[in-house]
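1. output the structure for:
(one chain, ligands or ions: 2)
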Amino acid sequence: MFLITAKLSIIAVPVLLKWIVDGLDVAPDLRMVPLALLVAYGALRLSSTTFQELRQIVFARVMARTARLLTLQVFEHLHALSLRFHLNRQTGAVSRDLERGMEAVTDLLDWTVYTILPTLFEITVVCIILIQAFDWTFAVITLATLATYVAYTFVVTEWRIRFYRAKNEANTQAAGRAVDSLLNYETVKYFNNESFESRSYNLTLVAQEEAEVKALKSLAVLNVGQSVIVATGLTLLVWRAAEGVVAGALSLGDLVMVNAFLIQLAMPLNYLGMVYREVKQALTNIENMFALLHQQRDVADAPDAVPLQAGGGGIQFDNVFFSYESDRPILRGVSFEVPAGQSVAVVGTTGAGKSTLARLLYRFYDIDSGSIRINGQDIRSVTQTSLRHAIGIVPQDTVLFNDSIGFNIRYGRVDAEAEDITEAARAAQLATLITQMPKGLDTMVGERGLKLSGGEKQRVAIARTILKNPPILILDEATSALDTRTERRIQAELEQLAKNRTSLIIAHRLSTIVGADQILVMDQGRIIERGRHEDLLAQNGRYAQLWTMQQHEVPEPESA
Ligand SMILES: Nc1ncnc2c1ncn2[C@@H]1O[C@H](COP(=O)(O)OP(=O)(O)OP(=O)(O)O)[C@@H](O)[C@H]1O
Ligand SMILES: [Mg+2]
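-> Ligands and ions are numbered 1, 2, ... in the order given. Next up, the predicted model:
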């Protein structure tokens, strides 16, 4: 309603103008009527702006909220996508697409609701007035101008949208490159490669520049063409009106009104062209955001997925075959069982597929054949949330949020009490460290936790897993970055933690897993030996070899 009132006020202005001119023309000394009209003229101009602004106020919330909800949806979707997608993405590029998409949604709403519809309304009303007041040629010229204009805009915009798309692509790539380069700040310094980095960044920037120039040049083509069409239409109309005045069929006021209408129409007409362009550009921007939304989740809950009943958390791998890329098998027929409450250790050569076992159990990927069961339930038949709720992982490489130590520990259970956090920190041998830090738990850990030492990061990861308190525990070389003494101490805590829990322990240092209920030796995606420590030593195979080798390493002297 605000919109319509604003438009009606605008349309009434030329009509008033006609009355004023005609009034002055007929009786130049009768001042009363034109004076009232002048006041009305001003009031109408004011009311058109006022209602325009009112409309803006009323609609602001709709636009802002739509943009918010959509962005949130994309964000949630990104988190729902599998690890496979995230290992391939470029953080900078994705966030740039998100940002542009969000701006575009607001623009799109703005342009369609505020501009296209009101302008169409205005054109219709003006045409009706023209037909009623004058002969049909006026309306025909107006409509013909309009049609040519729209057709021209459409064709040219279709042609130039490719430049815009290229520009976006270049922009996304540049953002991805910049973020990747900055994330690797240290590596760049290690190898003195600043100039290499700026050269390759510059390459993406050059592509962006080229695309941008093309987009701007083609814009000029569009603008000039549009102006030619509008100017031609205007000239024809004024010519027709002047003819009418000469013939005595039209008054001077009529000429003024036609002129004012046309100038008024030309503005939204110009708008309309810009709008089509903007809408097209906005759609191109949104395109990438929606492309993210349409990304298939390759690991998805089955339609009839039920929550996992973890129970004691017994794990079974049954003849599991798996490959990340179809042309390179990683696991070839792995079968083993971790009975509820027991601990199984996995050792083996690097790249054998040990961490892969953990990722599969966590269902970051679906296996090619065979089955993985927890407490008798196939993990593909349960919901991912319940599955991941039941498993705690201390990963091989820990990455922390750029926040405080306390925040990162609390991440294991976001509603944990302060005492629980202190207790978890103590169990992970972090207590001394925290008391040494002036800010204690509030110490910031820096981007990806890089302000902490490797061992400290690992202990934060252990602390938050302790806090999560899951029935199943996976330790992927959880103590590899610690010195022997700290490792011994933490080992005691981890054994405590693993008690009554099902645990899968991946380790390089064999001395840490001698107590495991079963030890699996992996090589090239297969389990080549299995059994208890003593049995494996007795077998005198690969494990015994490894053991002897590690025994010869000089052990660190242990002090009390
Ligand atoms: N996302 C991935 N895409 C493709 N290949 C991968 C991916 N992740 C791991 N791989 C490959 O799978 C193999 C097994 O990896 P995995 O991380 O399980 O090894 P690992 O036994 O844990 O080794 P390490 O002892 O060095 O940690 C490796 O050769 C690795 O290159
Ligand atoms: Mg590993």
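2. what helix or strand is the residue of the stretch 301-450 of the chain found nearest ligand 2 on?
-> For the stretch 301-450 of the chain, the residue closest to ligand 2 is residue 355, as judged by Cβ to the ion, at 3.1 Å. In this view, the C-beta of every residue, glycine as well, is placed from N, C-alpha and C. According to DSSP states H and E, residue 355 maps onto helix 354-361.
3. could you list the residues in contact with the next helix or strand after that helix?
-> From helix 354-361 onward toward the C-terminus, using DSSP H and E, the following helix or strand is strand 369-374. For strand 369-374, contacts defined as Cβ atoms under 8 Å, 6 or more residues apart in numbering pick out 308, 310, 313-321, 333-335, 360-361, 378-380, 382, 387, 390, 472.
4. near ligand 2, which residues of this structure?
-> 355, 396 (Cβ under 5 Å from the ion).
5. so where's the chain uncertain?
-> 27-33, 266, 268-275, 277-278, 296, 553-560 (pLDDT under 70).
6. got the domain ranges for it?
-> 62-113+135-294, 315-552 (automatic domain parsing).
7. so which of these is the most surrounded?
-> Compared across the domains of the chain, domain 315-552 shows the largest average neighbour count, a mean of 18 (mean count of other Cβ atoms under 10 Å).
8. before we move on, the earlier item: save the domains of the chain as JSON lines, and put in distance to residue 46 too.
-> Formatted as JSON lines, the domains of the chain follow (distance: least, Cβ to Cβ, whole Å):
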{"stretch": "domain 62-113+135-294", "distance to residue 46": "16"}
{"stretch": "domain 315-552", "distance to residue 46": "52"}
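9. how about those domains, which one is nearest ligand 1?
-> domain 315-552 (3.2 Å; Cβ to the nearest ligand atom).
10. that closest one vs ligand 1: in contact?
-> Yes: applying Cβ under 6 Å from any ligand atom, one finds domain 315-552 touching ligand 1 at 324, 325, 330, 350, 351, 352, 353, 354, 355, 356, 396.
11. which among those residues gets closest to residue 416?
-> Residue 416 has its nearest neighbour among these in residue 396, at 24.7 Å by Cβ to Cβ.
12. contacting residues around the closest one?
-> So residue 396 contacts 355, 476, 477, 480, 506 (Cβ under 8 Å, 6+ apart).
13. the last one contacts residue 476, doesn't it?
-> Yes: here residue 506 reaches residue 476: they are 4.6 Å apart, a contact under Cβ atoms under 8 Å.
14. on that earlier part again, got TSV for the residues of domain 315-552 next to ligand 1, with distance to residue 454 too?
-> Compiled in TSV, those are given as follows (distance: Cβ to Cβ, whole Å):
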residue	distance to residue 454
324	26
325	30
330	26
350	18
351	21
352	23
353	24
354	19
355	17
356	22
396	11
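15. show me where the stretch 101-250 of the chain has strands.
-> Secondary structure of the stretch 101-250 of the chain (DSSP state E, counting those that start in this stretch): no strands located.
16. which residue does it have closest to ligand 2?
-> residue 187 (20.9 Å).
17. phi and psi next, for the closest residue to that residue other than its chain neighbours.
-> Nearest non-adjacent residue to residue 187, counting by Cβ to Cβ, 6 or more residues apart in numbering: residue 193, 7.9 Å away. With angles defined as degrees, to the nearest 10, residue 193 sits at phi -100, psi 30.
18. do the same with residue 393
-> The phi/psi pair for residue 393 (degrees, to the nearest 10) is phi -120, psi 130.
19. how about residue 345?
-> phi -110, psi 150.
20. ok, what's across the strand from it?
-> As for beta bridges, residue 345 partners with residue 505, residue 519 under DSSP bridges.
21. what's the spacing between the closest residue to ligand 2 within the stretch 401-550 of the chain and residue 109?
-> Relative to ligand 2, the nearest point of the stretch 401-550 of the chain is residue 476 (5.9 Å; Cβ to the ion). To residue 109, residue 476 is 48 Å away according to Cβ to Cβ, to the nearest Å.
22. common neighbours of residue 506 and residue 476, please.
-> 354, 355, 358, 396.
23. could you single out the nearest of these to residue 205?
-> residue 396 (36.2 Å).
24. how about the closest one, secondary structure?
-> coil (DSSP: H, G, I helix; E, B strand; the rest coil).
25. which residue packs closest to it, ignoring adjacent ones?
-> Per Cβ to Cβ, 6+ apart, closest to residue 396 is residue 476, 4.4 Å.
26. does that neighbour touch residue 508 like I think?
-> No: here residue 476 lies out of contact with residue 508, judged by Cβ under 8 Å, at a distance of 10.5 Å.
27. got the residues of the stretch 201-350 of the chain near ligand 1?
-> 324, 325, 330, 350.
28. run the chain-centre distance for stretch 175-183.
-> Centroid displacement of stretch 175-183 relative to its chain, using Cα atoms, centre = their mean, to the nearest Å, is 16 Å.
29. which residues touch that stretch?
-> Outside stretch 175-183, the residues that touch it by Cβ under 8 Å, 6+ apart are 90, 91, 92, 93, 94, 95, 96, 188, 197, 200, 201, 204.
30. run the chain-centre distance for the helix or strand containing the third one.
-> Element membership of residue 92 [criterion: DSSP H and E] is helix 91-109. Shown here is helix 91-109, whose average C-alpha point lies 8 Å from the average C-alpha point of the whole chain (Cα atoms, centre = their mean).
31. mind saving the C-alpha coords of that helix as PDB?
-> Extracted in PDB, the C-alpha atoms of helix 91-109 (Å, rounded to 0.1, in the frame of the first residue of the first chain):
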ATOM      1  CA  THR A  91      38.200 -22.200   2.500                       C
ATOM      2  CA  GLY A  92      38.700 -18.700   1.100                       C
ATOM      3  CA  ALA A  93      36.700 -19.500  -2.100                       C
ATOM      4  CA  VAL A  94      33.800 -21.000  -0.200                       C
ATOM      5  CA  SER A  95      33.500 -18.100   2.200                       C
ATOM      6  CA  ARG A  96      33.700 -15.600  -0.800                       C
ATOM      7  CA  ASP A  97      30.900 -17.400  -2.500                       C
ATOM      8  CA  LEU A  98      28.800 -17.300   0.700                       C
ATOM      9  CA  GLU A  99      29.400 -13.600   1.100                       C
ATOM     10  CA  ARG A 100      28.500 -12.700  -2.400                       C
ATOM     11  CA  GLY A 101      25.500 -14.900  -2.300                       C
ATOM     12  CA  MET A 102      24.200 -13.200   0.800                       C
ATOM     13  CA  GLU A 103      24.600  -9.700  -0.600                       C
ATOM     14  CA  ALA A 104      22.900 -10.800  -3.800                       C
ATOM     15  CA  VAL A 105      19.800 -12.200  -2.000                       C
ATOM     16  CA  THR A 106      19.200  -8.800  -0.400                       C
ATOM     17  CA  ASP A 107      19.800  -7.000  -3.800                       C
ATOM     18  CA  LEU A 108      17.400  -9.400  -5.500                       C
ATOM     19  CA  LEU A 109      14.600  -8.800  -3.100                       C
END
